[in-house]
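Predicted model and sequence follow; I will ask about them next.
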Amino acid sequence: MPITSKDKLSIEARIKTYFNKSQAWLAKEIGISESQLSRKLNKYVAWTQEDLDKINKVLGENFKL
């Protein structure tokens, strides 16, 4: 399978591509505050696989640590 430019993006950058809805929407869908999501997206707080599993379910992705 060829590597696409999407594959080269960080988890944070790939998640941000979904913000045609909003960061607030995603935070609500995965059950965390918008500020918690912001801290994770800006790499102040590390992701857990549990966080990513919730995002995968909502966005139909397959993010892994």
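Alright, I've got the coordinates. Numbering: from 1, shown residues only.

any idea which helix or strand carries the most centrally placed residue in the chain?
Geometric centre of the chain, nearest residue: Ile15, 3.8 Å, by C-alpha atoms, centre = their mean. Using DSSP states H and E, Ile15 maps to helix 11-16.

Over to Ser35?
Applying DSSP H and E, one finds Ser35 within helix 34-41.

and that helix, what does it pack onto?
helix 11-16, helix 23-30 (3 or more C-beta pairs under 8 Å, 6 or more residues apart in numbering; DSSP states H and E). C-beta here means a position set from N, CA and C on the backbone, and glycine is covered the same way.

right, so of those, which gets closest to Ser38?
helix 23-30 (6.7 Å; C-beta to C-beta).

What residues sit buried inside that closest one?
Within helix 23-30, the residues scored as buried using 16 or more other C-beta atoms under 10 Å are 23, 26-27, 30.

Contacts for stretch 35-48 next, please.
With C-beta atoms under 8 Å, 6 or more residues apart in numbering as the test, stretch 35-48 has contacts from 11-12, 15-16, 23, 26-27, 30, 51, 65.

For the one helix or strand Lys57 maps to, what is the distance to the chain centroid?
For Lys57, the host element (DSSP H and E) is helix 49-59. Centroid separation for helix 49-59 versus its chain: 7 Å, with C-alpha atoms, centre = their mean, to the nearest Å.

Okay then, goodbye and thanks.
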